[in-house]
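>>> mind looking at a prediction? Sequence and model below.
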Amino acid sequence: MESNENIEDKIYWKKIDQLHNATINFSKNSLEIKKLLFVVIGISTPLIINLCGNHITRALFISLYLTIFLFWIFDSYTYYYQKKLRFQMDFYFKQILDKNAKIQQKNRFKMIIISLFNCSHFCFYGILMFVVIILDLIL
């Protein structure tokens, strides 16, 4: 049974690793989105100004508002999935912790029994009790 539990833990850890890698990819994509926003603004602003006869018009600000808003929504999408993946990782962490807590509860009783009746105790206390019993019977 222990090997099955160990396999389950390994599977959970593998899933956690995969989710972690996906989260890192979303995080990298989020950073790339922010960089791309500045590139788009840097390219589109002079282009719009040029198209408007070298005057700053309302069209420039509307395009900037729309660009920022669209990138904000797109970046929110990546953030949402980062949070969702982290939540799933937490679920697997909890599964591992809960299962190991149950195993520890089962093992606690075994550990108490083993602690009370181990070879070292039998040698020391057993011999000591044997000597006391013999002395008690003799005297």
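Ah, there it is.

>>> and Tyr80, how far is that from Asn107?
41 Å (CB to CB, to the nearest Å). To be clear about C-beta, it is placed using only N, CA and C from the backbone, and glycine gets the same treatment.

>>> hey, which helix is longest across the chain?
Identified as the longest helix of the chain according to DSSP state H is helix 58-116.

>>> how about residues contacting the following helix or strand past that helix?
Counting by DSSP states H and E, the next helix or strand C-terminal to helix 58-116 is helix 119-121. Contacts to helix 119-121, defined as CB atoms under 8 Å, 6 or more residues apart in numbering, come from no residue at all.

>>> so for Leu66, what's the pLDDT?
We have a pLDDT of 90 for Leu66.

>>> for Ala59, grab the count of nearby residues.
13 (other CB atoms under 10 Å).

>>> swap in Ala22?
Counted with other CB under 10 Å, Ala22 comes out at 16.

>>> what's it sitting at in phi/psi?
Note on Ala22: backbone dihedrals following degrees, to the nearest 10 are phi -60, psi -40.

>>> what packs against the longest helix of the chain?
helix 2-51 (3 or more CB pairs under 8 Å, 6 or more residues apart in numbering; DSSP states H and E).

>>> mean confidence score for the helix it packs on?
On average, helix 2-51 scores 87.

>>> which helices and strands does that helix pack with?
By 3+ CB pairs under 8 Å, 6+ apart, helix 2-51 packs against helix 58-116.

>>> report the central residue of this protein.
For the chain, Met89 is the residue whose C-alpha lies nearest the centre (CA atoms, centre = their mean; 4.5 Å).

>>> how near is it to Ala22?
For Met89, the distance to Ala22 - CB to CB - is 10 Å.

>>> likewise Ile127?
Applying CB to CB to Ile127 and Ala22 gives a distance of 62 Å.

>>> ok, now Ile103?
29 Å.

>>> what does Lys106 give?
34 Å.

>>> for Ile41, same thing?
For Ile41, the distance to Ala22 - CB to CB - is 29 Å.

>>> OK, contacts around the residue nearest to the centre of the chain?
Met89 touches 16, 19-20, 23, counting by CB under 8 Å, 6+ apart.
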